[in-house]
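[1] With the input below, show me the fold.
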Amino acid sequence: MQNYTNTNLLNLKGVSIDEVVSFDDHIDVKLHSLYKEGLCPVCGHKTSRIHDYRLQRIQHTPIGLRKVFLFLRKKRFVCPHCQKRFYESLDFLAPYSRRTKDLHFFIQDQLKQVRSLSSIAKDLGLSSSCLTSYLKLAPRRRPNLPRVLSMDEFKGNAGGDKYQCILVDPIHHQVLDILPSRRKKALMDYFSSFPKEERRRVKYVVMDMSHLFYAVLKEFFPQATFIADTFHFARQVFWALENVRKTRQKTRDAKYRLYFKRSKSILRKKGSRLSPEEKEKLELVLWQDKEIKEAYLLKESFYDVLDASSKEEARQALDKWLWVAKESGLKEFKASIRAYENWKEEILNAFSTGITNGQTEGFNNKIKVIKRVSYGYRNFENFKSRILMVFRA
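    Numbers count the residues shown, from 1 in each chain. Now for the predicted structure:
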């Protein structure tokens with residue numbers, strides 16, 4: 001059997017191990033305290049007078065896959081000055097606790113992993129409600145607003161709201177806060193809690209093309225430069241192309257309908273990245289339908305905007321693209337044309353700053369994993385605590 005009798009190995013100070021009993025799923029460690037005196041918590045006098053003993057069962061950090069239980073013969077002193085009876089204190093154990101400090105830290109570390117509460121609870125032999133209590137202990141400090149603020153929404157289904165919001169510092173790759181709702185009142189209440197002087201520190205705001213977000217953020221950060229995230233404005237073109245494909249697909253007989261359906265990924269892929277075989281399939285699709293060909297060429301020409309190396313180059317490419325898109329007469333592109341005209345300056349600001357919501361989207365994807373492995377969170381505060389624990393690890 002492996003030797004666990006070294007108190008240094010177990011990080012236990014002030015005690016001596018009497019016996020170790022090893023089982024298949026756990027280890028029992030019997031020990032006693034080495035301290036001869038105790039300090040009275042009432043009058044502050046030291047005393048060596050022992051009133052009695054009690055055997056306390058304490059859970060410690062696991063070793064491998066086995067839980068560890070300490071059976072401590074604990075002294076109860078009596079103060080000769082004030083007659084107060086009190087138990088001795090030990091560095092590794094908080095008062096009135098049945099778990100060592102090391103185990104508390106270990107649990108918090110486990111909660112920073114992308115795992116479900118039930119799986120962590122099972123490994124530690126604890127209840128899920130016990131772990132939930134650790135979430136409630138997580139610090140809830142209000143963040144400091146950064147120079148660059150990124151904001152996005154995600155589907156959390158927590159606390160009665162379908163969507164929650166995430167605030168990120170994309171420059172330092174930090175999750176700042178999680179907001180319970182994307183509703184206007186919730187956003188207004190949150191940002192109004194920051195002093196005006198602190199809000200002035202925000203120089204750039206990057207977001208999707210949400211009119212609600214823009215209205216709220218513009219009110220609280222009027223001095224900031226607003227940036228439309230590249231991913232969010234680029235997908236407008238891909239949506240339009242996909243809508244053209246679906247519309248044209250419905251006009252074809254069963255044979256060609258299936259063929260058009262299977263061409264989705266080839267149409268979306270950048271032309272320069274297609275393999276020779278994919279190019280042959282693409283040419284066949286474009287040859288069969290004029291509108292799909294026109295939509296595809298609009299998608300390809302939009303890369304002139306995305307690949308622009310400066311704001312002015314992007315402006316010229318976008319103006320040209322808008323003219324061609326309008327001339328095409330494709331109704332599926334009307335929404336993207338309108339969006340680009342309404343958000344033109346915010347879109348172009350992405351090219352002068354190079355700032356995107358990419359980091360925020362990455363965080364959102366990880367939040368989806370947290371939600372999935374945990375089978376969802378009904379309580380928003382618990383959900384928020386778990387997210388912040390994972391990202392602030």
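[2] How about stretch 159-169, which residues are buried there?
    Residues of stretch 159-169 classed as buried: 159, 161, 164-169 (neighbour count, 16 or more other C-beta atoms under 10 Å). C-beta: built from backbone N, CA, C; applies to glycine.
[3] before we move on, what about stretch 121-140?
    Within stretch 121-140, judged by 16+ other C-beta under 10 Å, the buried ones are 121, 124, 126, 131, 134-135, 138.
[4] which one of those sits closest to residue 206?
    Residue 206 has its nearest neighbour among the buried residues of stretch 121-140 in residue 138, at 27.2 Å by C-beta to C-beta.
[5] The residue nearest to that closest one when sequence neighbours are not counted: what's it in contact with?
    The shortest distance from residue 138 to any non-neighbouring residue, by C-beta to C-beta, 6 or more residues apart in numbering, is to residue 385 (4.2 Å). Counting by C-beta atoms under 8 Å, 6 or more residues apart in numbering, residue 385 touches 135-136, 138, 140.
[6] Next step: the buried residues of stretch 159-169 restricted to strands.
    When DSSP state E defines the strands, the subset of the buried residues of stretch 159-169 inside them is 161, 164-169.
[7] Relative to residue 195, how far out is the closest residue to residue 203 other than its chain neighbours?
    Among residues not flanking residue 203 along the chain, residue 147 sits closest, at 5.2 Å (C-beta to C-beta, 6+ apart). According to C-beta to C-beta, to the nearest Å, residue 147 stands 16 Å off from residue 195.
[8] Those two: which is more packed in?
    Neighbour comparison, residue 147 and residue 195: the larger count goes to residue 147, with 12 against 9 (by other C-beta atoms under 10 Å).
[9] roughly how far apart are residue 387 and residue 74?
    Per C-beta to C-beta, residue 387 is found 39 Å from residue 74.
[10] Which one of those two is surrounded by more residues?
    Per other C-beta under 10 Å, whichever of residue 387 and residue 74 has more neighbours is residue 387, with 24 against 20.
[11] Confirm that one sits in a strand?
    No. Per DSSP: H, G, I helix; E, B strand; the rest coil, residue 387 lies outside any strand segment and is helix.
[12] what's the pLDDT at it?
    At residue 387, the model reports a pLDDT of 93.
[13] Can you give me the buried ones in stretch 66-76?
    Buried, per 16+ other C-beta under 10 Å, within stretch 66-76: 67-72, 74-75.
[14] got the buried residues of stretch 159-169 as JSON lines, with distance to residue 360 columns?
    JSON lines is the format used below for the buried residues of stretch 159-169 (distance: C-beta to C-beta, whole Å):
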{"residue": "159", "distance to residue 360": "21"}
{"residue": "161", "distance to residue 360": "19"}
{"residue": "164", "distance to residue 360": "13"}
{"residue": "165", "distance to residue 360": "10"}
{"residue": "166", "distance to residue 360": "6"}
{"residue": "167", "distance to residue 360": "9"}
{"residue": "168", "distance to residue 360": "4"}
{"residue": "169", "distance to residue 360": "10"}
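[15] mind listing the helices for the stretch 151-300 of the chain?
    Assigned by DSSP state H, counting those that start in this stretch, the stretch 151-300 of the chain shows helices spanning 184-191, 196-199, 211-220, 230-250, 254-261, 264-268, 276-288, 290-301.
[16] mean pLDDT for those helices: which is lowest?
    helix 254-261 (a mean of 76).
[17] List the buried residues for that one?
    Those would be residue 260, for helix 254-261 by 16+ other C-beta under 10 Å.
[18] what does stretch 146-158 give?
    Buried residues in stretch 146-158, counted by 16+ other C-beta under 10 Å: 146, 148-154, 156, 158.
[19] Can you give me the domain boundaries for this protein?
    By the assignment in automatic domain parsing, the chain contains the domains 15-97, 148-229+356-391, 230-353.
[20] Format those domains as JSON lines; extra columns: distance to residue 117.
    Below are the domains of the chain laid out as JSON lines (distance: least, C-beta to C-beta, whole Å):
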{"stretch": "domain 15-97", "distance to residue 117": "17"}
{"stretch": "domain 148-229+356-391", "distance to residue 117": "6"}
{"stretch": "domain 230-353", "distance to residue 117": "32"}
